[in-house]
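1. coordinates for the following, if possible.
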Amino acid sequence: MAQALARTAAPPPARPSHPRTTRRLLGLGVAVGVLLAAVVLSVAVGSAMLPLDVVWQALTAPDGSASHATVSGARVDRTLLGVLVGVSLGVAGALIQALTRNPLADPGILGVNAGAGFAVTLGVAVFGVTRIEQYLPFAFAGAIAGSAVVYLAASGGRGGPTPLRLTLVGIAFTAVLSGISQTLALIDTETFDRMRFWGAGTVTDRPGGTAAAVAPFVLAGLVAAACCARPLNAIALGDDAARAVGLRVGATRTGVVIAVTLLCGAATAAAGPLVFVGLMVPHAVRWVTGPDWRWILVYSAVLAPVIVLVADVLGRLIVLPSELPVGVVMPLIGVPVLIVLVRGSRVRAL
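-> So this is what the prediction gives:
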C-alpha cells in the first residue's frame with residue numbers, strides 16, 4: 001500500500017523538449033552572443049583608431065584624456081543609442097508584419113517613420129525645437145497621424161485595407177512627406193544645417209541625454225509588444241479564426257498600434273528615419289523561429305541592434321577619417337540581404 005502511494009505521489013517523468021524549441025533556444029543564445037560582439041565592436045572601433053588597451057582603460061579607469069573621453073563618452077553613448085533604435089525598429093517591423101499579414105510591411109514603408117520624421121522637421125522649421133525632449137511629442141504625433149492616414153486611405157473602395165493597398169499607399173505617402181521635408185529644409189538654410197545629419201539617419205553627434213530620454217518610451221513599447229505577442233499567432237490565421245478562439249481583435253490591434261507608435265516615435269526622434277531594419281530582420285529570423293510571432297519578436301529585438309551597430313561601424317571605416325551616417329550605410333546592407341531572402345524558397349513558404 002505504501003509503495004503504491006509512493007508511486008502515485010512521485011512526479012511524472014519530464015517530457016523531452018520539442019526539437020524546434022531547443023533549436024530556437026540555442027539560436028537565441030547565439031544571437032545574444034552576436035549582439036554582445038557587436039556592442040564590443042562598436043565601442044572598440046572608430047574613425048580614430050585606438051589600441052584595445054586604451055579602450056579598456058577608458059572603460060575601467062578613465063583619466064579624462066581625449067582618447068578616453070572618445071570611448072567612454074561618444075562611443076558608449078552612440079552604442080547605447082544604436083541598441084535602443086535597433087530594438088525599437090526591429091520589434092515595430094515584426095508587429096506591423098504580423099498585424100497586416102504582409103511580409104513587405106515595415107514602419108518605413110507604411111508611413112509611420114515618414115510621419116514621425118515630417119512632424120519633427122515641421123517642429124524644427126516652424127517652432128524652432130532643438131532638444132530631444134522637444135522632438136519626442138512631434139515624433140509621436142507624426143507617427144500616429146502617418147499610420148492613421150495610410151490606413152484610412154487604404155480602407156477606401158472594395159476589399160478594405162489589403163496588404164497590397166497598405167504597401168502602395170504607404171510608399172506614396174512616404175514619398176510625399178519626404179519631398180515636403182526636403183523642401184522645408186532647403187528653403188531655410190539654418191533648418192537644413194540642423195536637420196541634415198538627423199534626416200539621413202544617424203546615431204552619432206546626438207544631443208546629450210538622447211538615449212536616456214527615449215529609453216522609457218522604448219521600454220513602454222516593448223511591454224505593449226509583449227502583451228500582444230501571443231494573440232498575434234491567432235491573428236495570423238485571419239480575423240474570423242481569431243474571433244472563433246475568443247480573441248478580441250480590436251483590442252489587439254489597438255495594442256499593436258500603441259506599441260508601434262511608441263517604438264517608432266522614439267527611434268525616429270532619436271536617430272532620424274531609418275529604413276530596412278524593420279523589414280529585413282523579421283524576414284531573416286524566420287529561418288530559425290518559423291512562423292511563431294512570439295519568437296520572431298524576441299529574435300528581432302536581439303538581432304536588429306546588431307544590424308544597426310554593424311552599419312554604424314562600417315560608416316566609421318568606409319571613408320576614413322570622415323564618417324558616413326548609419327542611414328546611408330543601411331541600404332548597402334539591407335538590399336543584398338532582402339534579395340537573398342526574397343529568392344529563398346524556404347522563406348517564401350513561411
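2. what is the helix or strand harbouring residue 265 packed up against?
-> According to DSSP states H and E, residue 265 maps onto helix 249-271. Judged by 3 or more CB pairs under 8 Å, 6 or more residues apart in numbering; DSSP states H and E, helix 249-271 is in contact with helix 76-100, helix 112-122, helix 132-155, helix 210-235, helix 239-244. Every residue, glycine included, has its C-beta placed from N, CA and C.
3. can you add mean pLDDT and give these back as TSV?
-> TSV is the format used below for the helices and strands packed on helix 249-271 (pLDDT from 0 to 100):
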stretch	mean pLDDT
helix 76-100	90
helix 112-122	84
helix 132-155	82
helix 210-235	88
helix 239-244	70
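4. let me know the next secondary structure element after the least confident helix or strand in the chain by mean pLDDT.
-> When the helices and strands of the chain are scored by mean pLDDT, DSSP states H and E, helix 2-9 comes last with a mean of 44. Next helix or strand after helix 2-9 toward the C-terminus (DSSP H and E): helix 19-44.
5. of the helices and strands packed on helix 249-271, which is nearest residue 318?
-> Residue 318 lies closest, by CB to CB, to one member of these: helix 76-100, at 16.3 Å.
6. angle of that closest one against helix 112-122?
-> 130 degrees (axes from the mean of the first three to the mean of the last three CA atoms, to 10 degrees).
7. helices of the stretch 251-350 of the chain, start to end?
-> Counting by DSSP state H, counting those that start in this stretch, the segments of the stretch 251-350 of the chain that form helices are 277-289, 293-318, 326-343, 345-349.
8. ok, and the closest non-adjacent residue to residue 110?
-> residue 170 (3.8 Å; CB to CB, 6 or more residues apart in numbering).
9. could I get the phi/psi values of the one you found?
-> phi -60, psi -40 (degrees, to the nearest 10).
10. same deal with residue 107?
-> Dihedral angles for residue 107 - degrees, to the nearest 10 - are phi -50, psi -30.
11. ok, it touching residue 89?
-> Yes. Using CB atoms under 8 Å, residue 107 makes contact with residue 89 at a distance of 6.5 Å.
12. point to the residue nearest the middle of the chain.
-> By CA atoms, centre = their mean, the mean C-alpha position of the chain lies nearest to residue 89, the distance being 1.2 Å.
13. test my guess that it contacts residue 304.
-> Yes. With contacts counted by CB under 8 Å, residue 89 reaches residue 304, the gap being 5.9 Å.
14. which residues do these two both contact?
-> 277-278 (CB atoms under 8 Å, 6 or more residues apart in numbering).
15. surely residue 211 touches residue 82?
-> No. Counting by CB under 8 Å, residue 211 sits too far from residue 82 to count as a contact (9.3 Å).
16. so between the two, which is more surrounded?
-> Comparing residue 211 with residue 82 by other CB atoms under 10 Å, the one with more neighbours is residue 82, at 28 against 22.
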